[in-house]
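Undergrad: when you get a sec, could you give me coordinates for this:
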Amino acid sequence: MTLAGCKSGTAGQVVAVAVTPTGVDIVVATNQQMTATVTGTFNTAVTWSVAGGSANGTITASGVYTAPATVPAPAQVTVTATSHKDSAKSGSATLTITTAAGPPHITVAVSPGAVSVANYGTQQFTAMVTGTANAGVTWQVNGTTGGSQTVGFISALGSYVAPGNVPTTSDSKGNVTATTLTVTAISQADLTASGVSTVTIVPGNQNKQTGLIELGTSGGNGKDLISNATNHTITCCGGTLGSLVTRGGTQYILSNNHVLAESDAATIGDPIVQPGLIDAQCDTTQATTVATLTQFVNLESEDKTPSSANIDAAIAQVVSAQVDPTGNILYLGPVADSNGVPLPGAPNAGTGIVALPGMGVAKSGRTTGLTCSTVLAINTNTSVEYNKSCDGTGASFTVDYNNQVDIAGGGFGAEGDSGSLIVSQDTADPVGLLYGGSDTDTVANPVTPVLNSFASGGNAVTFVGGSAHQVVGCMLPTAPQSAAKTVRPAALANEVLQKAVAARDAQAPALLAHPEVQAVGVGASLDNPVEPAIVFFVTKGQTRTSIPGQVSGIRTRIVEGDLFARRGLITAADTAVNEQAAAAPQLVYALSAAEMLRANVVHAGHAKELMRQPGVQGVGITSSVDSPGEAALMIFVIRGVTHPAIPPAIDGLRTRVRESSRFRAGYRGLQQHRACTLPAKRGAAQTPSNPH
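TA: Purely as a prediction, here's the structure:
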């Protein structure tokens with residue numbers, strides 16, 4: 001996952017016009033809605049014209065084409081849309097005029113054909129159906145009739161309501177990016193006829209703010225750009241201005257080193273701007289300096305070895321009258337407005353709290369807006385890749401962290417969300433500082449070492465904020481959850497399941513002797529989905545005896561319920577039947593203090609050893625899903641990289657395996673713009689000493 005933002009585009013507002021539909025047959029004296037999609041400018045207005053004059057038909061200012069009463073010669077007609085912004089730019093479509101003979105040709109055109117919608121925003125779509133008297137359509141979003149919580153909802157009349165977060169897509173290689181959606185209208189007269197519109201969700205976090213800026217917004221170092229004299233382009237980057245902190249009566253913006261200090265390459269005193277250059281078309285005059293870089297913790301030491309500081313953080317002193325002094329963060333408030341959009345809110349003031357497995361958390365960031373999820377693992381040792389350059393072409397290096405917080409869901413953050421403050425959903429207490437992740441997880445520094453690193457002269461650093469409150473956006477029916485809260489057993493090949501059958505049958509009398517056990521089946525482990533498990537169905541609420549964590553090297557799984565239909569030794573098929581009568585297993589469970597203590601002892605004794613193994617990129621503490629209530633050692637492995645076999649338990653503590661792409665951070669992106677005059681390239685970067 002690359003969590004500092006980037007995108008590509010062209011400066012100078014290069015305008016392009018595309019017209020749809022094209023190459024279709026139009027029956028004489030009928031209408032066809034034409035759509036012009038204008039890119040490269042916010043002015044999308046066009047002037048419509050028909051080549052050859054009225055003999056070839058007419059077209060209205062809104063793009064409704066009316067075919068002539070008879071077929072012209074030639075029968076092909078050209079319709080053109082010319083940009084109001086740049087009259088030299090136009091797009092055309094060729095239509096063939098036909099008689100009414102033969103079967104009707106039904107077409108559907110959706111308007112607008114391409115549109116940007118704010119998160120939580122609304123958009124009215126219309127569909128023009130030609131070739132039939134039945135104008136009815138069925139609306140879908142990303143192939144789902146009526147839409148869904150993750151992509152937004154659309155009514156039978158085409159009224160679309162955008163989700164609170166920005167949908168993301170992963171390429172399974174660590175790149176999680178914001179993606180567009182497709183709104184489709186399907187003809188009710190002909191299910192093979194449809195029209196589409198492309199929707200881009202743009203969170204308010206990317207807007208240039210006026211007056212006192214609120215946090216959780218686009219921002220970054222005002223010098224975070226690279227000029228290329230060869231192809232006359234400028235590459236610029238940005239991330240998220242996360243939160244407001246105070247030290248000795250002075251307020252500072254808190255974000256990542258790789259957002260504010262360019263992965264050690266910046267200079268103290270550099271301007272920190274809003275929005276980030278990525279959202280200012282790489283034009284420094286379109287961004288406002290809201291702070292000056294004050295201090296950052298080096299990611300690498302002077303000899304280019306990874307720093308032992310264990311955080312990716314920087315602070316910048318606010319410029320007078322530029323930043324909301326109450327510490328408000330976009331969408332993190334306790335109430336919503338009349339349209340259901342969460343209002344800004346400040347975090348709970350103070351020093352934050354310690355994350356725990358199962359804790360609900362939220363963040364507001366530049367790229368994906370408000371997202372909500374769950375702490376999956378804590379005390380996580382992990383290895384994270386960085387890159388020195390804004391465009392990702394510079395030297396790469398790796399930082400080894402310990403005691404990190406892992407959040408479930410790669411979609412919890414995407415490129416540009418680096419620097420976001422993560423808070424608890426129920427109290428808005430600061431929990432972590434987001435800086436990286438993979439396609440399945442997001443990683444953050446715990447807030448305590450972040451604050452401690454910037455304490456100076458006896459002055460502690462604390463978060464600016466108000467009182468405890470819930471993050472209402474995570475409580476609404478359209479809450480933008482970034483990860484499923486439940487898990488399902490994987491489908492395993494029969495030969496894999498037979499290993500569990502053999503181990504179970506060899507000790508069947510002893511396994512069935514536990515008084516709480518109603519049945520013993522076989523299925524997939526939830527702690528390691530590629531392995532089988534012996535599944536114990538136990539009576540809910542009955543005292544638990546010592547059901548083993550493994551039997552002859554095969555993991556065991558415990559399912560609670562009142563009364564299961566299948567008893568005794570049961571097949572894999574009957575195991576699935578019994579599971580349907582039980583509550584769905586949770587992704588993560590809360591743990592007792594005793595279990596946390598037990599897990600900490602095992603983690604301390606084995607984490608470093610496990611991190612040295614090939615393919616292992618993280619070791620943390622989480623809950624077991626195979627045995628709810630028990631802690632587990634979470635072992636993060638890199639997809640596609642061979643790693644040693646993970647035992648079912650280590651020193652009596654269950655293990656849990658989570659496979660993903662490589663943990664990455666520090667790639668601040670790529671937004672290129674043409675430039676007639678290139679700005680002078682910044683001088684050689686100076687790396688300040690690590691100030692504490």
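Undergrad: C-alpha from now on. contacts and neighbour counts both.
TA: Fine.
Undergrad: helix or strand right after the longest strand along the chain?
TA: Across the chain, the longest stretch assigned as strand under DSSP state E is strand 369-387. Using DSSP states H and E, the helix or strand that follows strand 369-387 in sequence is strand 396-408.
Undergrad: tell me which strands and helices that next one is in contact with?
TA: Other helices and strands packing on strand 396-408, by 3 or more CA pairs under 8 Å, 6 or more residues apart in numbering; DSSP states H and E, are strand 369-387, strand 441-446.
Undergrad: buried residues in that strand?
TA: If you call a residue buried by 16 or more other CA atoms under 10 Å, then strand 396-408 has these buried ones: 397-408.
Undergrad: Serialize those to CSV and add fields for pLDDT.
TA: Formatted as CSV, these follow (pLDDT from 0 to 100):
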residue, pLDDT
397, 86
398, 88
399, 90
400, 91
401, 94
402, 94
403, 96
404, 97
405, 98
406, 97
407, 97
408, 96
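Undergrad: quick one: the strands in the stretch 551-692 of the chain, in order.
TA: Along the stretch 551-692 of the chain, counting by DSSP state E, counting those that start in this stretch, strands occupy 554-561, 568-569, 616-623, 631-638, 649-650, 653-660, 671-674.
Undergrad: looking at those strands, which is nearest to residue 274?
TA: Closest approach to residue 274 among the strands of the stretch 551-692 of the chain (CA to CA): strand 671-674, 16.3 Å.
Undergrad: still on that earlier bit, as CSV, the buried residues of strand 396-408 with distance to residue 420 would be great.
TA: Conversion of the buried residues of strand 396-408 to CSV gives the following (distance: CA to CA, whole Å):
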residue, distance to residue 420
397, 22
398, 21
399, 20
400, 21
401, 18
402, 20
403, 19
404, 15
405, 14
406, 14
407, 13
408, 16
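Undergrad: how much space between the closest residue to residue 378 other than its chain neighbours and residue 532?
TA: Spatial nearest neighbour of residue 378, excluding adjacent residues (CA to CA, 6 or more residues apart in numbering): residue 405 at 4.8 Å. Computed as CA to CA, to the nearest Å, the residue 405 to residue 532 distance reads 29 Å.
Undergrad: same deal with residue 464?
TA: Residue 464 is 49 Å from residue 532, where distance means CA to CA.
Undergrad: which helices and strands does the biggest helix by length in the chain pack with?
TA: Using DSSP state H to define each element, the chain has its longest helix at helix 593-611. If contacts are counted by 3+ CA pairs under 8 Å, 6+ apart, helix 593-611 sits against strand 369-387, strand 616-623, strand 631-638, strand 653-660.
Undergrad: how does it look with 7 Å?
TA: Secondary-structure packing of helix 593-611 (3 or more CA pairs under 7 Å, 6 or more residues apart in numbering; DSSP states H and E): strand 616-623, strand 631-638.
Undergrad: output that helix as CSV, nothing but the C-alphas.
TA: Extracted in CSV, the C-alpha atoms of helix 593-611 (Å, rounded to 0.1, in the frame of the first residue of the first chain):
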residue,chain,number,x,y,z
ALA,A,593,-5.9,-8.9,30.8
ALA,A,594,-4.7,-12.4,31.6
GLU,A,595,-4.7,-13.5,27.9
MET,A,596,-2.9,-10.3,26.9
LEU,A,597,-0.2,-11.0,29.5
ARG,A,598,0.2,-14.6,28.3
ALA,A,599,0.5,-13.4,24.7
ASN,A,600,3.0,-10.7,25.6
VAL,A,601,5.3,-13.2,27.2
VAL,A,602,5.3,-15.4,24.1
HIS,A,603,5.6,-12.4,21.8
ALA,A,604,8.7,-11.1,23.7
GLY,A,605,10.3,-14.5,23.5
HIS,A,606,9.8,-15.2,19.8
ALA,A,607,8.9,-12.1,17.7
LYS,A,608,12.5,-11.2,16.7
GLU,A,609,13.3,-14.8,15.8
LEU,A,610,10.1,-15.0,13.6
MET,A,611,10.9,-11.7,11.9
